[in-house]
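*Asks:* fold the following for me, if possible:
(one chain, ligands or ions: 2)
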Amino acid sequence: MFRITSATAADLFDIAATRRIEETAAKALPPHTLMQRAGLAVARFAMAVAPHARVVWVACGPGNNGGDGFEAAAQLQRRGFRTVATRIGDDDRLPADAQASLRRAREAGVTFAEAPPTQYELAVDALLGIGSARAPSGAMLDWLRRMAEGTAPVLSIDTPSGLDADTGAMAANYLQADSAQARRICLSLLTLKPGLFSAHGRDAAGEVWFDDLGVAGIVDSPVARLPGLPAATRRHHASHKGSYGDVAVIGGAPGMAGAALLAGSAALNAGAGRVFVALLDPGAPALDQLRPELMFRRPDTLDLSGMTVVSGCGGGAAVGELLPHILQTADALVLDADALNGIAADPALQKLLKARSGLSTVLTPHPLEAARLLGSNTGEVQRNRLAAAQDLAKRFGAIVALKGSGTVIAQPDGTPVINVTGNARLATAGTGDVLAGMVGAALAARLAPMAATCEAVWRHGDLADQWPEEIPLTAGALAGGCLPVAR
Ligand SMILES: NC(=O)C1=CN([C@@H]2O[C@H](COP(=O)(O)OP(=O)(O)OC[C@H]3O[C@@H](n4cnc5c(N)ncnc54)[C@H](O)[C@@H]3O)[C@@H](O)[C@H]2O)[C@@H](O)CC1
Ligand SMILES: [K+]
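*Replies:* Ligands and ions are numbered 1, 2, ... in the order given. Take a look at the predicted model:
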């Protein structure tokens, strides 16, 4: 059993694969073994989280997730914890494993009650796991709300109930109440699921822990993976600015120069050898007094063939005119914001983007920009972030970093990554420009495009995670705090 942190590299399996893995493992073991292991893991965890608990409330659902709950309740009761179970569903419709665990809970002396205890020190959510099929309602929803709004920690078995373990979509928003305050922990069993780390998954799950139930040697292919720590950074003494590449930021239409400057500063701080800024506002100053290292050029005077171009940041409509040239000549390319909007609106540009297939190209859309590129809508993208990012990556032959809670980094062929660094403090204007600059620096340092993007996204989020509580997190400060990604 271990906690998932930003340093954890791990494979993620969808519901279908998890069921196959469970079936294979169950066949190789005596009956009921997996559920007993699951219950024991939950009970051990519960005792560590609330060793002082006078009452543990276990809410059990109608399937095997409920069975895990009965088993955990039995194990806790036997170890001297007063355990109160509330349950949904009829005895005779319970799956066989859950029926066996229900019997064991009754034999152990677990209290079965119609309503939750008024006082409890730990709540265990064993209502629904990977079999969640519709929005929780009635008593189930009431209990989930009550847990979320209580002060005792909530321990979700396998998945938070009602969460789609494949996508992180929530069937019922029982966490949206302002009063939701309980510490939340999820103990994922057998496999780690992608939905725990994307969309609503992170809020619903809280801290994620993992127990493999003693099942090793999984042969199924993961649907995604957690990247773990980026490789250590070390620069050779015998290197020079040319070793870390040139970045050209092209953007900053009238009134939006700041976006391009943020990207430029971020690229510089992330270790790019030289950073050129080509503003699309003819009246913009030709020097940034605070960043004299940035070299200002007219867009048409730059030779992009040896450069990593970061395009879009505050580009407005003006960037559209330059995109054919940029798409055809940039050595490596990061496309953000207005560049993505321009491409979404113009099939000719889409063709040029596809023609770059095989070159280093990274798209960094937020969900609305992704929706425009896909011709869908934000709701659709957010309902399945993994699928949307993969669809875009395949369609345009590029690396795609779909921003949001659990940024998804997808590649045309190969397993996508879900990034677990970052937090809601990044939800402020300009942080996306900073990310684009950081990706640009990593590409300029000649990292492979997937590795460059994963590393920059990880570091960008990690900066926010490490940011001191008392210092406001602004994009300018974030751009100034970038740690080198280039080696
Ligand atoms: N069978 C085993 O030995 C093991 C089972 N495991 C547990 O089993 C879970 C999967 O079990 P199941 O496949 O039975 O699925 P679940 O227990 O997640 O739920 C399925 C049941 O809930 C009902 N249901 C779905 N949505 C509902 C809603 N909104 N309101 C009311 N009822 C709803 C379904 O009709 C079905 O009866 C895993 O998440 C895990 O917790 C694991 O511990 C591994 C071992
Ligand atoms: K659950």
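*Asks:* mind listing the strands for the stretch 101-250 of the chain?
*Replies:* 111-112, 122-126, 154-157, 184-189, 207-211, 224-227, 246-251 (DSSP state E, counting those that start in this stretch).
*Asks:* for the nearest residue to Asn384 once chain neighbours are set aside, phi and psi?
*Replies:* Nearest residue to Asn384 in three dimensions, chain neighbours excluded: Thr167, at 4.7 Å (CB to CB, 6 or more residues apart in numbering). (Each C-beta comes from the backbone N, C-alpha and C, glycine too.) Main-chain dihedrals, Thr167, degrees, to the nearest 10: phi -120, psi -20.
*Asks:* would you turn the strands of the stretch 101-250 of the chain into TSV with mean neighbour count and mean pLDDT?
*Replies:* As requested, these are exported to TSV (neighbours: other CB atoms under 10 Å; pLDDT from 0 to 100):
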stretch	mean neighbour count	mean pLDDT
strand 111-112	14	98
strand 122-126	29	98
strand 154-157	29	98
strand 184-189	24	98
strand 207-211	20	98
strand 224-227	22	98
strand 246-251	30	96
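*Asks:* check contacts around the residue of the chain most remote from its centre.
*Replies:* For the chain, the largest distance from the centre (CA atoms, centre = their mean) belongs to Glu107, which lies 42.0 Å off. Residues counted as contacts of Glu107 (CB atoms under 8 Å, 6 or more residues apart in numbering) are Ala74.
*Asks:* can you name the residues of this protein that neighbour ligand 1?
*Replies:* 22, 34-35, 38, 61-66, 68, 95, 97, 128-136, 140, 157-158, 189-190 (CB under 6 Å from any ligand atom).
*Asks:* helices along the stretch 1-150 of the chain, start to end?
*Replies:* In the stretch 1-150 of the chain, the helices defined using DSSP state H, counting those that start in this stretch lie at 15-27, 33-49, 64-78, 96-108, 138-149.
*Asks:* what's the answer for the stretch 301-450 of the chain, then?
*Replies:* Under DSSP H, counting those that start in this stretch, the stretch 301-450 of the chain gives helices at 318-329, 337-344, 347-355, 367-374, 378-383, 385-396, 431-444, 449-466.
*Asks:* doesn't Leu261 fall inside a strand?
*Replies:* No - read with DSSP: H, G, I helix; E, B strand; the rest coil, Leu261 is helix and lies in no strand.
*Asks:* quick check: it vs Leu287, distance?
*Replies:* Leu261 sits at a distance of 11 Å from Leu287 (criterion: CB to CB, to the nearest Å).
*Asks:* higher neighbour count, these two?
*Replies:* Leu261 (28 against 10; other CB atoms under 10 Å).
*Asks:* right, and the more buried one touches Leu290 too?
*Replies:* No - contact between Leu261 and Leu290 fails when scored by CB atoms under 8 Å: they sit 9.1 Å apart.
*Asks:* and the residues of the chain next to ligand 1, which are buried?
*Replies:* 22, 34-35, 38, 61-66, 68, 97, 128-132, 136, 140, 157-158, 189-190 (16 or more other CB atoms under 10 Å).
*Asks:* follow-up on the earlier one: buried deepest among the helices of the stretch 1-150 of the chain, which one?
*Replies:* helix 64-78 (a mean of 28; mean count of other CB atoms under 10 Å).
*Asks:* taking the stretch 251-400 of the chain, what residue is nearest to ligand 1?
*Replies:* Distances between the stretch 251-400 of the chain and ligand 1 by CB to the nearest ligand atom are smallest at Arg383, namely 17.2 Å.
*Asks:* in this structure that residue contacts Asp166, no?
*Replies:* No - under the criterion of CB under 8 Å, Arg383 is not in contact with Asp166, lying 10.4 Å apart.
*Asks:* more neighbours, these two?
*Replies:* Neighbours were counted for Arg383 and for Asp166 using other CB under 10 Å; Asp166 has more, 23 against 16.
*Asks:* any figure for the gap between the residue nearest to Asn384 and ligand 2?
*Replies:* Using CB to the ion, to the nearest Å, Thr167 is found at 16 Å from ligand 2.
*Asks:* what is the neighbour count of the closest residue to Pro160 other than its chain neighbours?
*Replies:* Here the nearest residue to Pro160 in space, its sequence neighbours aside, is Ala204; by CB to CB, 6+ apart that works out to 3.9 Å. When neighbours are defined as other CB under 10 Å, Ala204 has 26 of them.
*Asks:* how about the residue most central in space within the chain: what's its closest non-neighbour residue?
*Replies:* Most central in the chain under CA atoms, centre = their mean is Gly406, positioned 1.5 Å from the mean C-alpha point. Distance criterion CB to CB, 6+ apart; nearest residue to Gly406, sequence neighbours excluded, is Ser198 at 3.4 Å.
*Asks:* for Arg106, same thing?
*Replies:* For Arg106, the spatially nearest residue (CB to CB, 6+ apart) is Phe112, at 7.5 Å.
*Asks:* partners of the one you found in the sheet?
*Replies:* Ala85 (DSSP bridges).
*Asks:* okay but it is in contact with Asp91, surely?
*Replies:* No - shown here, Phe112 and Asp91 do not form a contact pair, counting by CB under 8 Å, at 11.0 Å.
*Asks:* how close does the residue of the stretch 301-450 of the chain found nearest ligand 2 sit to Leu262?
*Replies:* Closest contact between the stretch 301-450 of the chain and ligand 2, by CB to the ion, is at Gly406 (19.2 Å). Computed with CB to CB, the distance linking Gly406 and Leu262 is 23 Å.
*Asks:* do Leu102 as well
*Replies:* 58 Å.
*Asks:* Leu122 too?
*Replies:* Plainly put, Leu122 is 45 Å away from Leu262 if you go by CB to CB.
*Asks:* for Leu141, same thing?
*Replies:* 43 Å.
*Asks:* residues in contact with Leu279?
*Replies:* Gly251, Gly252, Ala257, Ala260, Phe296.
*Asks:* quick check: bridge partners of it?
*Replies:* Gly251.
*Asks:* next, the buried residues of stretch 294-307.
*Replies:* For stretch 294-307, by 16+ other CB under 10 Å, it's Leu294, Met295, Phe296, Pro299, Leu302, Leu304, Met307.
*Asks:* who touches that stretch?
*Replies:* Contacts for stretch 294-307 (CB under 8 Å, 6+ apart): 245-248, 250, 261, 264-265, 268, 274-280, 284-288, 322, 325-326, 329-332, 444.
*Asks:* near ligand 2, which of the residues you listed show up?
*Replies:* Subset of the contacts of stretch 294-307 in contact with ligand 2: empty, counting by CB under 5 Å from the ion.
*Asks:* could you turn the buried ones of the residues you listed into a ChimeraX selection?
*Replies:* In ChimeraX, a selection of the buried entries from the contacts of stretch 294-307 looks like this (16+ other CB under 10 Å):
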select :245,246,247,248,250,261,264,265,268,274,275,276,277,278,279,280,284,288,322,325,326,330,331,332,444
